[in-house]
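Visitor: Here is the input, now give the coordinates:
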Amino acid sequence: MASCNEDLFTEEFDSQSKLNLLEKSDPFLNGKTVTKTLKIHSSVGTMVINPDNGQVVVDGAGNATFLGNFNVHYEFIYGYPQTMSGYMMAANGDQINIIYDYAHYMPPFIQNGDQITAYYLITSGTGRFAGTTGTIEMNGYSVMTSMTTGVFDLQGEGEMTY
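Guide: Below is the predicted model:
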């Protein structure tokens, strides 16, 4: 019998065996991935543009299936054809990592009150979203309230595989 200080996972019970046991703990998935529809019911927040370097910082909050209430954060350089990166974080800290897909849409901060459509790629995640991939299409409005600040109100839908 093992003492309280001994590791119950001996060499006989290697890492692969541990992984197999964890996969078998969900009798419905058994280590398989699933694709689910992700609905973002609301996502509202602010954006701030640094006029010196064009950096845009976006922060907000919302509610979505599989995430529940979440915070969103991402950053990019306004007007540059580079990738934006950020995350949507659930209340428990699990997150979905996203990038903005410039191939489909230019930055949304063009004019006050413009309706926007933005496409995001889900590239990874943490916690229960580890290894997640997918896409999200967001629609709504972005309004510049000054030359360097604005607000957004978006809803969206996509698919995530994890």
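Visitor: Could you point out the helix or strand that follows the lowest-mean-pLDDT helix or strand in the chain?
Guide: Using mean pLDDT, DSSP states H and E, helix 15-24 stands out as the lowest-scoring helix or strand of the chain, at a mean of 38. Of the helices and strands lying after helix 15-24 in sequence (DSSP states H and E), the nearest is strand 35-49.
Visitor: Name the residues of that following strand that come out as buried.
Guide: Under the neighbour-count criterion of 16 or more other CB atoms under 10 Å, strand 35-49 has 38, 40, 43, 45, 47, 49 buried. (Glycine included, C-beta is placed from N, CA and C.)
Visitor: would TSV of these with pLDDT be doable?
Guide: Shown next, in TSV, are the buried residues of strand 35-49 (pLDDT from 0 to 100):
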residue	pLDDT
Leu38	95
Ile40	97
Ser43	96
Gly45	97
Met47	92
Ile49	92
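Visitor: could those residues be laid out in TSV, adding distance to Phe66?
Guide: Putting the buried residues of strand 35-49 into TSV (distance: CB to CB, whole Å) gives the following:
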residue	distance to Phe66
Leu38	6
Ile40	10
Ser43	14
Gly45	20
Met47	25
Ile49	31
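Visitor: just these now: which is nearest Thr145?
Guide: Nearest to Thr145, judged by CB to CB, of those is Met47 at 9.6 Å.
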